[in-house]
Structures are given as C-alpha cells and as structure tokens.
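*Asks:* Following is a predicted model, sequence given first.
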Amino acid sequence: MSAPNTTSQDRKVKFGESSELLVASRFLAHGLVAGQLPRGYKSDDLYVELGKEAFHVQVKTRVGPKSWPTGLNIVGEVKRVYALVHYRSLKPEDLIEPVIYLVPSLVVKHAVETHTRHYRKSHPNQKGPGVPAVADPWREQEKMERAGYGKGWLDERYREQWTAFMSGRLA
C-alpha cells in the first residue's frame, strides 16, 4: 500500500532508497563501515570501508526479470562495486528475501560492452546507444555464453558474495 498523494516516481525513488539502506545494512552486519553518499554523488550510492581501502557502491534495483539498467559505467579514480538487488515481485513475501549480487565495476563494464557490441551487430538499424544494462539471461545468449556471460553467470559468481568482498577475492 502506498501513501496518499504519492506518484509512481516517488514510489520508485523510495524503493531504490530502501535497497541502498538494505545493502548498507548487509555491509554493516559483516562488520564494515558503510553509509549513504549524498544524492547524485558521481552516481554512487554508498561508501564502504574495508580495512584501509574505501569503495563506492552503485546500487541498482530490479523487480522481476534479472536486468539492471546501468547507464554509463564509471571506472576510474575510486574502487567501485555494483550491488544488483533483485526482487522476484512486489508481493510482501518476495520483498523479505531479495538477492544481492556484488559485481566489480570492471566486470559490469565488460559485460555491458560485450552485450552492446553483439546486440548492435544483430540490430544494425538500431539508432542511438540504447540502454546499457546488466542482464541474466542475455538476449544474445549463444554469443554471450562464449564471452563468459551465459545464463546464470551472476548466480555462479556474484550472488551474495559478502565473504569474497571482505577477503578481497571478488573479481
């Protein structure tokens, strides 16, 4: 149930904010320092300290099929991880147990570029850049499997990888 006089955009923003707080709480539960960055800060949502290192986390939320629009992938001056939050549906029982995929930004960048390249080859008349997204399964299934991003790639490598993140083995 939504509050009176709220728009669908208001609900979408609040749902995204709730995912950011969820991811921050998971980092905190694992003993790390984590908090929200100011809204609009270089498109990053969270700040996490792991020992002497600091990470920025971009949180993306999806309900239904596993596909998260990423926009431009920022790779550069800070260490960055994507936290891809997946809810099966908006039913109350599905809101309790979302799955979080922790994916390094370089992996997101490579996966999105690979998919975009294959998609453009099979859709040569497509105008504009389209919407860069991380998805599972990919539309270009066979080609993406050869590149290491076939069906289930997120579950196999990045599902709930809190321990791998904390030990520095998330790659």
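*Replies:* Arrived safely, thanks for sending. Numbers count the residues shown, from 1 in each chain.
*Asks:* all contacts plus neighbour counts: C-alpha atoms, from now on.
*Replies:* OK.
*Asks:* Tell me where this protein is predicted with low confidence.
*Replies:* 1-4, 71-77, 128-131, 136-140 (pLDDT under 70).
*Asks:* Select the longest helix from it.
*Replies:* In the chain, taking DSSP state H as the definition, the longest helix is helix 8-29.
*Asks:* List the buried residues of that one.
*Replies:* By 16 or more other Cα atoms under 10 Å, the buried positions in helix 8-29 come out as 16, 17, 19, 20, 21, 22, 23, 24, 25, 27.
*Asks:* Next: stretch 108-128.
*Replies:* Of the residues in stretch 108-128, those buried (16+ other Cα under 10 Å) are 108, 109, 111, 112, 113, 114, 115, 116, 119.
*Asks:* Show me how far that stretch is from its chain's centre.
*Replies:* 19 Å (Cα atoms, centre = their mean, to the nearest Å).
*Asks:* ok, residue 64 to residue 25 distance?
*Replies:* Per Cα to Cα, to the nearest Å, residue 64 is found 23 Å from residue 25.
*Asks:* my guess is residue 54 is in a helix, correct?
*Replies:* No: going by DSSP: H, G, I helix; E, B strand; the rest coil, the assignment for residue 54 is strand, not a helix.
*Asks:* Is the spatially closest residue to it that is not a sequence neighbour part of a helix or strand, or is it coil?
*Replies:* Closest residue to residue 54 in three dimensions, ignoring its sequence neighbours and counting by Cα to Cα, 6 or more residues apart in numbering: residue 48, at 5.7 Å. Under three-state DSSP, residue 48 falls in the strand class.
*Asks:* How many neighbouring residues does residue 48 have?
*Replies:* The local packing of residue 48 (other Cα atoms under 10 Å) involves 21 other residues.
*Asks:* Over to residue 5?
*Replies:* Counted with other Cα under 10 Å, residue 5 comes out at 7.
*Asks:* Backbone dihedrals for residue 96, please?
*Replies:* When read as degrees, to the nearest 10, the backbone of residue 96 gives phi -80, psi -40.
*Asks:* separation between it and residue 157?
*Replies:* Residue 96 sits 23 Å away from residue 157, taking Cα to Cα as the criterion.
*Asks:* Between these two, which is the more surrounded one?
*Replies:* Neighbours per residue (other Cα under 10 Å) separate residue 96 from residue 157, with residue 157 holding more: 14 against 10.
*Asks:* Need the three-state assignment for the residue nearest to the spatial centre of the chain.
*Replies:* In the chain, the centroid-proximal residue (Cα atoms, centre = their mean) is residue 84; its distance is 2.7 Å. Three-state assignment for residue 84 (three-state DSSP): strand.
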